[in-house]
Structure formats: structure tokens, C-alpha cells
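Undergrad: sequence unknown, structure follows:
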């Protein structure tokens, strides 16, 4: 399996989620399963069945995060990146209609739950890589080719 890249913030967020699941959520649910199991007949015990299912979901997520963290390489900001679009950049773009968009180019595991993040694998991100402020890019969309201009590039450090 190839190494995936992630920002420092994304890596820290995954580690925090893993810690929360393993040290807080899982022990709490395990205690509920033990309590529900002590009540007797498990086949008709809704508390037992629900919490046992929840425990399997937690364990699945813990395994997934651990496996992902082993296979990830954190990419930190480097001063050489300044002025050009690279991984971790906040980019503001504008099209010919004057529509502006601002987003950050991040790893696949960081985009969920965030409308202002796009994956490094997205066509827009691929088109933006190594561009400078004022550069023009063309991106193929389902409605045809769109042209955008790079207005601003920033890096959070």
C-alpha cells in the first residue's frame, strides 16, 4: 500500500479521535454492554444488542484510524512553498462570472465534514498545483470546461 499524505492538523485530529474513542467512548460502551449482559436473556435485550453493535462500530473505526495513521506521512509547511500552490495551501480562486471560492488542499482523510477542504486528488487541486497568484487554470467539469484565476495563496503555519 502506498503512503498517504496528511497535514499536521489532520494528523492531530485523527489521533485525537482515536484517543477519544479508545480511552473514553469504548470503555463507557463496554460498561453498558457488561451491565446489559448481566440482566439475563440477551436475545431480547435491546440495551445489550444496541451497545454491542455500537461497540463493533467503535472497534471498526479504531482499527481503520490505526491502520491509516501507520500509512500516513505528515507534510508540514516549508518556506519554499510560499507564492505557489502546494499541499496544505489555502487558495482563493475566481471565475469569469466573478464567483469566488476559497478552500484548502488537503489529504483524503481530512475532507469529511468540511466544505472548505478539497482532496489533493480532486481535479481542481491537481490543476492548481504549482500555480502562482494571477495564473489561469482550466478544469473539466460535468458541464464543460471552466476557467479560474488564482487570486490568493496562503499557508497556515
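TA: That came through fine. What you are looking at is a predicted structure, and each value in this text was computed from that prediction instead of being measured.
Undergrad: domain parsing for this protein?
TA: 4-74, 78-155 (automatic domain parsing).
Undergrad: against residue 20, how distant is the residue minimising distance to the centre of the chain?
TA: For the chain, the residue whose C-alpha lies nearest the mean C-alpha position (CA atoms, centre = their mean) is residue 110; its distance is 1.1 Å. Separation of residue 110 from residue 20 (CB to CB, to the nearest Å) stands at 17 Å. Every C-beta, even on glycine, is put in place using the N, C-alpha and C of the backbone.
Undergrad: try residue 73
TA: Residue 73 is 23 Å from residue 20, where distance means CB to CB.
Undergrad: same check, this time on residue 121
TA: 27 Å.
Undergrad: repeat for residue 76
TA: 24 Å.
Undergrad: repeat for residue 90
TA: For residue 90, the distance to residue 20 equals 27 Å [CB to CB].
Undergrad: what ranges do the strands span in the chain?
TA: Chain-ordered strands for the chain, with DSSP state E as the definition, fall at 4-7, 72-75, 89-95, 100-106, 117-119, 136-141, 144-155.
Undergrad: redo these as a markdown table? Include mean pLDDT, distance to residue 58 and mean neighbour count.
TA: Converted to a markdown table, the strands of the chain look like this (pLDDT from 0 to 100; distance: least, CB to CB, whole Å; neighbours: other CB atoms under 10 Å):
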| stretch | mean pLDDT | distance to residue 58 | mean neighbour count |
| --- | --- | --- | --- |
| strand 4-7 | 90 | 22 | 20 |
| strand 72-75 | 91 | 21 | 15 |
| strand 89-95 | 94 | 33 | 18 |
| strand 100-106 | 94 | 25 | 18 |
| strand 117-119 | 93 | 25 | 18 |
| strand 136-141 | 90 | 39 | 12 |
| strand 144-155 | 92 | 35 | 14 |
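Undergrad: now residue 87: phi and psi?
TA: When read as degrees, to the nearest 10, the backbone of residue 87 gives phi -60, psi 130.
Undergrad: residue contacts, the nearest residue to it once chain neighbours are set aside?
TA: Once flanking residues are discounted, residue 87 sits nearest to residue 75: 5.1 Å by CB to CB, 6 or more residues apart in numbering. Residues in contact with residue 75 (CB atoms under 8 Å, 6 or more residues apart in numbering) are 5, 6, 7, 87, 88.
Undergrad: I appreciate the help and will end here.
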